[in-house]
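In: Have a look at this fold, sequence not included:
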């Protein structure tokens, strides 16, 4: 019986004494019996497989890092720029057109409603997911072949910054402005009601207001942005509209 390595490679079988002198690395020597029952020694050359070369370009998740950075940047833009810009232009353009009486200084109104004016646009941006509008050719070029849902992690950096600032924060000592010390949670989450100006800078705590605008507000925006991205990932609005349509058809049939 012929050895499995020698099937179909009869031209590769040579006498063993001659072959051993210049045998290649992939040569294998075997003994078998021919049709007459005599023992034959020979060499079979196994087919040489192509060498496996290491990947000269290691895989780097360029798209993942870039999209995560984009989502994080949108969170900060929404909290630090879009929310104040919306309040400013509402009182500057829309309120006069609607002849609405303005009884509150717009920056003060922004601080008094910081949570709402920060969360609403962040949820909308998270659900829109601007990465969906990136050209397909560019996505394929950077190796991105699946829909981007990294917006659900947009809260990580703002939450990390907030945690870092809270760890570094030391409880304020009693002062003229405050009759008691301010705890860490109160310092960051009890939003001030008055924006400091040159005329009323004693009426509030300017460093605290700045910390709430650039640390607490992005945290709120990050949570809201992630919720919007999560709703997009699970197609929440599509499911709600589909449920309503199915319910309407059920009532029509009845």
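Out: Structure received. Small disclaimer: the values here were computed from a predicted structure and weren't measured. Residues are numbered from 1 along each chain as shown.

In: Buried residues in the helix or strand containing residue 229, which are they?
Out: For residue 229, the host element (DSSP states H and E) is helix 217-233. For helix 217-233, the neighbour count (16 or more other Cβ atoms under 10 Å) marks 217-229, 231-232 as buried. Where C-beta positions appear, they are placed from N, C-alpha and C, glycine not excepted.

In: residue ranges with poor pLDDT in the stretch 51-200 of the chain?
Out: Within the stretch 51-200 of the chain, the set of residues satisfying pLDDT under 70 comprises 51-61, 132-148, 171-180.

In: ok, now which ones touch residue 192?
Out: Contact criterion Cβ atoms under 8 Å, 6 or more residues apart in numbering gives 111, 204-205, 208-209, 212 as the residues in contact with residue 192.

In: so which two of these are the farthest from each other?
Out: The most widely separated members of these, counting by Cβ to Cβ, are 111 and 205 (11.8 Å).

In: Looking at the contacts of residue 192, which are in helices?
Out: Secondary structure assignment by DSSP state H places 111, 208-209 of those in helices.

In: which of those lies closest to residue 168?
Out: Minimum separation from residue 168 among the ones in helices among the contacts of residue 192 (Cβ to Cβ) is found for residue 208, which lies at 14.1 Å.

In: Which residues are in contact with that closest one?
Out: With contacts defined as Cβ under 8 Å, 6+ apart, residue 208 is in contact with 182, 187, 192.

In: Give me the distance between it and residue 127.
Out: When Cβ to Cβ, to the nearest Å is the yardstick, residue 208 and residue 127 sit 32 Å from each other.

In: try residue 239
Out: Here the distance between residue 239 and residue 127 works out to 14 Å (Cβ to Cβ).

In: show me what contacts the closest residue to residue 115 other than its chain neighbours?
Out: What sits nearest to residue 115 in space, not counting adjacent residues and going by Cβ to Cβ, 6 or more residues apart in numbering, is residue 220, at 5.9 Å. Applying Cβ under 8 Å, 6+ apart, one finds that residue 220 lies in contact with 79, 114-115, 118-119, 122.

In: just residue 189 next, same as before
Out: Contact partners of residue 189, counting by Cβ under 8 Å, 6+ apart, are residue 216.

In: Burial check on residue 157, number of neighbours?
Out: One way to gauge burial is a neighbour count; for residue 157, by other Cβ atoms under 10 Å, it gives 19.

In: List the buried residues of the host helix or strand of it.
Out: Residue 157 is located in helix 156-168, with elements delineated by DSSP H and E. Along helix 156-168, these residues count as buried under the neighbour rule (16+ other Cβ under 10 Å): 157-158, 161-162, 165.

In: what's the closest of those residues to residue 83?
Out: residue 158 (13.7 Å).

In: was I right about the closest one contacting residue 222?
Out: Yes - contact criterion Cβ atoms under 8 Å: residue 158 and residue 222 qualify, at 3.8 Å.

In: joint contacts of those two?
Out: Common contacts of residue 158 and residue 222 (Cβ under 8 Å, 6+ apart): 72, 75.

In: elements contacting the strand or helix carrying residue 116?
Out: Element membership of residue 116, judged by DSSP H and E, is helix 114-128. With contacts defined as 3 or more Cβ pairs under 8 Å, 6 or more residues apart in numbering; DSSP states H and E, the secondary structure elements packing on helix 114-128 are helix 83-89, helix 217-233.

In: Looking at the longest one now, give me its mean pLDDT.
Out: By that I understand helix 217-233. Helix 217-233 carries an average pLDDT of 95.

In: Taking helix 114-128 as reference, get the angle to that helix.
Out: 30 degrees (axes from the mean of the first three to the mean of the last three Cα atoms, to 10 degrees).

In: so helix 217-233 versus helix 156-168, what angle?
Out: Using the same axes, to 10 degrees: helix 217-233 against helix 156-168 is 150 degrees.
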